[in-house]
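Chemist: When you get a sec, could you give me coordinates for this:
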Amino acid sequence: MARFSFHSKNGGSSLSSPETGKAIRAVVRPRQLQTAFDNMAPELQQQLTKHTINFHFNPPRWKHSQVISDHFWKRFVQNYLPGLQLRQKWRKSTDNVAVGQVVMIVDANLPRGLWPVGTITKVFPGSDGIVRVAEVLVNDILMLLCLSGINIIWETFKVFDFNQDQRKDCGCEKCITEDEPGQWFKQRFQKTVRPFLTGNYNLSQETFNWWRKLFDEKRDRNFFNSTIQKIFEIIPVRPPVVEPSPHRCRTCAVVGNSGNLIRSHYGKLIDLYDSVFRINRGQTEGFEEDVGSRTTHRVMYPESASNLDDDTHMVMFAFKGRDLKWLLNALATSSNAAVKRKPIPNKNMVMVAHPAFMQYVHESWLQSKGYYPSTGFMTVILALHLCDEVNVFGFGADSDGNWTHYWTKLYQMFKTGNHPGHVEYEMIEELARKGKVVFYKGF
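Modeler: Residues are numbered from 1 along each chain as shown. Purely as a prediction, here's the structure:
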């Protein structure tokens with residue numbers, strides 16, 4: 001489901017926590033309602049949200065979400081819905097309802113979040129030309145209703161354009177690649193860049209020169225090409241990725257390793273997404289409540305390699321020739337003694353990042369700052385290319401400013417190494433401000 005946007009007209013954020021947004025999205029679950037909040041006047045937005053941002057409840061967090069949902073629904077019904085259909089009688093003329101408008105059917109007997117939403121398919125004007133009765137389609141059922149029992153909640157589409165829907169890149173309410181005001185995202189995102197090597201890859205001399213400088217690689221392109229050729233004799237020549245479709249919404253979670261995930265209680269939320277990307281040695285056992293238990297993609301390089309199961313994609317970032325040799329040995333031997341780890345269980349799920357993609361992330365997204373991007377940040381950009389909805393967890397320092405891994409002791413702090421950690425963090429924040437990712441900052 002597409003994300004509900006909670007921003008006021010002046011661009012300021014109306015809500016303060018992901019949990020609040022998630023609770024309210026659960027109340028206004030029908031897709032037609034997801035834009036209703038944005039269409040409210042600023043003063044109504046404040047009325048609906050001012051009672052939901054100052055709660056200080058203790059776990060369990062589901063109780064917190066239920067209270068937020070109850071408060072939001074009460075304010076939604078009392079303050080917003082009455083304003084959708086002001087009954088001015090003859091004192092003020094208003095536009096008639098029209099075919100194609102989306103309406104909510106008021107039913108006091110149903111609990112919050114379950115009021116039906118439908119589309120007007122036919123109107124019945126009276127002798128005075130005023131429409132008081134309309135035919136509404138709800139879940140393939142036609143209803144004949146008086147206008148006193150419905151509220152118009154979405155007027156942007158008078159007639160649904162099926163051809164327009166077919167032209168979309170995805171089946172989400174909003175796609176990452178959709179145009180936006182300004183040029184910030186367009187100047188950085190290059191849709192034609194291939195994230196992974198294939199059996200018929202093309203590596204330019206410029207990209208190879210950039211790649212070999214990362215770790216002062218001495219071996220030439222012949223070594224690179226011959227090693228890659230041997231790798232593709234074992235793994236699929238085309239990476240196993242889910243292609244975009246206007247009938248599919250590919251949701252993804254990118255889970256970093258920051259200590260700010262501790263006590264975040266994001267685990268169940270993370271496990272809901274279609275794909276869950278974990279990075280390097282990011283652990284799940286013993287941390288399920290905060291980081292979830294599912295892993296569909298494990299992003300790694302040799303020094304950070306983790307054991308995989310049969311259902312997990314291996315996403316390999318090779319920074320040097322020795323990394324490619326390590327992968328070849330790991331694929332070619334049954335004992336995997338060369339890498340001192342268990343064999344790669346499913347060779348059909350191995351994908352190798354294209355050096356051109358790594359160069360693109362460094363130059364286009366980081367403006368060549370730092371020696372090279374981190375695997376974590378490259379995974380965020382990778383998700384922008386593979387997913388239609390991207391949710392980012394576990395990046396940056398914790399609330400005390402410490403850069404730690406969530407499975408290590410507090411005193412085991414680390415630096416961001418040769419990649420510009422603070423620049424990467426600011427870039428993720430900007431992606432969130434532009435609505436391209438949802439950024440969960442933890443605690």
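Chemist: I'd like the average pLDDT over the helix or strand V254 falls within.
Modeler: Per DSSP states H and E, V254 falls inside strand 251-255. Regarding strand 251-255, the rounded mean pLDDT is 96.
Chemist: Tell me which residues are up against the helix or strand following it.
Modeler: Later in the chain than strand 251-255, the nearest helix or strand by DSSP H and E is helix 267-270. Residues outside helix 267-270 that contact it (CB atoms under 8 Å, 6 or more residues apart in numbering): 22, 253, 255, 276, 287-294, 391, 393, 440. In short, each C-beta sits where N, CA and C put it, glycine included.
Chemist: how far off strand 251-255 does the helix or strand following helix 267-270 point, in degrees?
Modeler: Helices and strands here follow DSSP H and E; after helix 267-270, the next one along the chain is strand 275-279. Using axes from the mean of the first three to the mean of the last three CA atoms, to 10 degrees, the inter-axis angle of strand 275-279 relative to strand 251-255 is 20 degrees.
Chemist: What is strand 275-279 packed up against?
Modeler: Contact here means 3 or more CB pairs under 8 Å, 6 or more residues apart in numbering; DSSP states H and E; on that basis strand 275-279 packs against strand 251-255, strand 297-300, helix 375-386.
Chemist: And T312, what's its pLDDT?
Modeler: 93.
Chemist: now swap in N202 and tell me
Modeler: At N202, pLDDT is 85.
Chemist: And the one 10 residues further on, by the same measure?
Modeler: We note a pLDDT of 92 for R212 in this prediction.
Chemist: which intervals of this structure have sub-threshold pLDDT?
Modeler: 1-68, 73, 76-94, 106-113, 140-167, 333-343, 398-401, 409-419, 443 (pLDDT under 70).
Chemist: Find the nearest non-adjacent residue to V237, please.
Modeler: Excluding its sequence neighbours, the residue lying closest to V237 (CB to CB, 6 or more residues apart in numbering) is G199, at 2.8 Å.
Chemist: tell me the helices in the stretch 301-443 of the chain, going along the chain?
Modeler: Assigned by DSSP state H, counting those that start in this stretch, the stretch 301-443 of the chain shows helices spanning 321-332, 355-360, 375-386, 421-433.
Chemist: Looking at those, spot the one closest to F208.
Modeler: helix 355-360 (7.0 Å; CB to CB).
Chemist: And that closest one, what does it pack against?
Modeler: Checked by 3+ CB pairs under 8 Å, 6+ apart, helix 355-360 has helix 205-212, helix 375-386 packed alongside it.
Chemist: one step back: what about burial for the contacts of helix 267-270, which qualify?
Modeler: 22, 253, 255, 276, 287, 290-292, 294, 391, 393, 440 (16 or more other CB atoms under 10 Å).
Chemist: can you redo those as JSON lines with distance to P302?
Modeler: Listed next are the buried ones among the contacts of helix 267-270 as JSON lines, based on distance: CB to CB, whole Å:
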{"residue": "K22", "distance to P302": "38"}
{"residue": "A253", "distance to P302": "25"}
{"residue": "V255", "distance to P302": "21"}
{"residue": "V276", "distance to P302": "22"}
{"residue": "F287", "distance to P302": "24"}
{"residue": "D290", "distance to P302": "28"}
{"residue": "V291", "distance to P302": "23"}
{"residue": "G292", "distance to P302": "26"}
{"residue": "R294", "distance to P302": "24"}
{"residue": "N391", "distance to P302": "28"}
{"residue": "F393", "distance to P302": "25"}
{"residue": "Y440", "distance to P302": "29"}
